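Visitor: Sequence plus predicted model, see below.
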There are 2 protein chains.
Amino acid sequence: MKIYFCGSIRGGRDLAHTYEHIIKMLQGFGTVLTEHVGSDEVIQKKDRVLSDRQIHDRDLGWIVESDLLVAEVTVPSLGVGYEIGRAIEIGKPVLCLYDAGSGKALSAMIAGSDKVEMKLYRQTEEIEGILEAFFKSHAPRRTS
Amino acid sequence: MKIYFCGSIRGGRDLAHTYEHIIKMLQGFGTVLTEHVGSDEVIQKKDRVLSDRQIHDRDLGWIVESDLLVAEVTVPSLGVGYEIGRAIEIGKPVLCLYDAGSGKALSAMIAGSDKVEMKLYRQTEEIEGILEAFFKSHAPRRTS
């Protein structure tokens, strides 16, 4: 199972620790292609050697390669919105996680999309159960 | 010519006056389907009567119907990113405008996409010339 995780990078790193926590949980379900999203240090290192075009093309390639996409959407981010939009058109299942206690307004384009599985949480402890249910419904089918 | 204009709504209204200004300029080139993006008053009125699903489906329908998309991408916004991502997959020409003096970081997914025509400005007066060049290159072909 290949997982594409999205979190805000240049839009703001307020939830970097939450991203790191989610990535660790996701690694229990498969390979997280975008592990760097949880680490400021890795992002800064890669930004120094990769152009925007290289970052875009690498990430888009990972979306195509992935089995599904999991996005933390509390911090407004152009990149996260873009990745969700492209993943939907490519036909990937998309789970969005939103901190309902954050006081931030969630985009109607995300909350209102019938191609997005939208889940609200108030404590990060709730995320594990949300992921379990999502991966259960999108597990690769086994031949009997 | 039908134009879909994108600007941040729930992500932050810091540039609402710039959006209003761009929409007025765009109306010189065709019909702006998303005229409400420039007006807090109209957005608040519509938000009271439309659900997120209705907003999403109306806006996605407009993207499909439009000839091209123009986005102001200075304020990070999930909705703007989502709209750009879906418009690209649908095959619409996309122009992105970014205030290079804003001090905000622009997403690599937008700046690095070869499907986006990315233009930087420092004064709103520069936008008119950018729009003229973009519409000139995307004008409907005339039969001779």
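Guide: Cool, got the structure. Numbering: from 1, shown residues only, chains lettered A, B, ... in the order given.
Visitor: Give the buried residues for the worst-scoring helix or strand of chain A on mean pLDDT.
Guide: Sorted by mean pLDDT, DSSP states H and E, the helices and strands of chain A end with helix A:40-49, the least confident at a mean of 87. For helix A:40-49, the neighbour count (16 or more other Cβ atoms under 10 Å in any protein chain shown) marks residue A:43 as buried. For every residue, glycine as well, the C-beta is placed using N, CA and C.
Visitor: which helices and strands does it pack with?
Guide: For helix A:40-49, there is no helix or strand it packs on, judged by 3 or more Cβ pairs under 8 Å, 6 or more residues apart in numbering or on different chains; DSSP states H and E.
Visitor: So for the helix or strand just after that helix, mean pLDDT?
Guide: Counting by DSSP states H and E, the next helix or strand C-terminal to helix A:40-49 is helix A:52-65. Confidence for helix A:52-65, expressed as mean pLDDT, is 97.
Visitor: what's in contact with helix A:52-65?
Guide: A:2, A:4, A:33-34, A:46-47, A:50, A:69, A:83, A:86-87, A:90, A:92, B:108-109, B:111-114 (Cβ atoms under 8 Å, 6 or more residues apart in numbering or on different chains).
Visitor: What subset of the residues you listed is buried?
Guide: The buried subset of the contacts of helix A:52-65 (16+ other Cβ under 10 Å) comprises A:4, A:33-34, A:69, A:83, A:86-87, A:92, B:108-109, B:111-113.
Visitor: So which bits of chain A are right by chain B?
Guide: A:8-12, A:51-57, A:59, A:73, A:75-86, A:88-90, A:105-114 (Cβ under 8 Å from any Cβ of the partner chain).
Visitor: can you tell me which of those are in helices?
Guide: A:52-57, A:59, A:78-86, A:88-90, A:108-111 (DSSP state H).
Visitor: which among these end up buried?
Guide: Those of those that meet the buried threshold are A:52, A:55-56, A:59, A:78-86, A:88, A:108-111, by 16+ other Cβ under 10 Å.
Visitor: What backbone torsions are found at the residue nearest to residue A:68 when sequence neighbours are not counted?
Guide: Nearest-residue entry for residue A:68: residue A:93, 4.4 Å, with adjacent residues in sequence omitted and distances by Cβ to Cβ, 6 or more residues apart in numbering or on different chains. In terms of degrees, to the nearest 10, the main-chain angles of residue A:93 are phi -60, psi 140.
Visitor: okay but residue A:93 is in contact with residue A:66, surely?
Guide: No. The criterion here is Cβ atoms under 8 Å, and residue A:93 misses it with residue A:66 at 9.7 Å.
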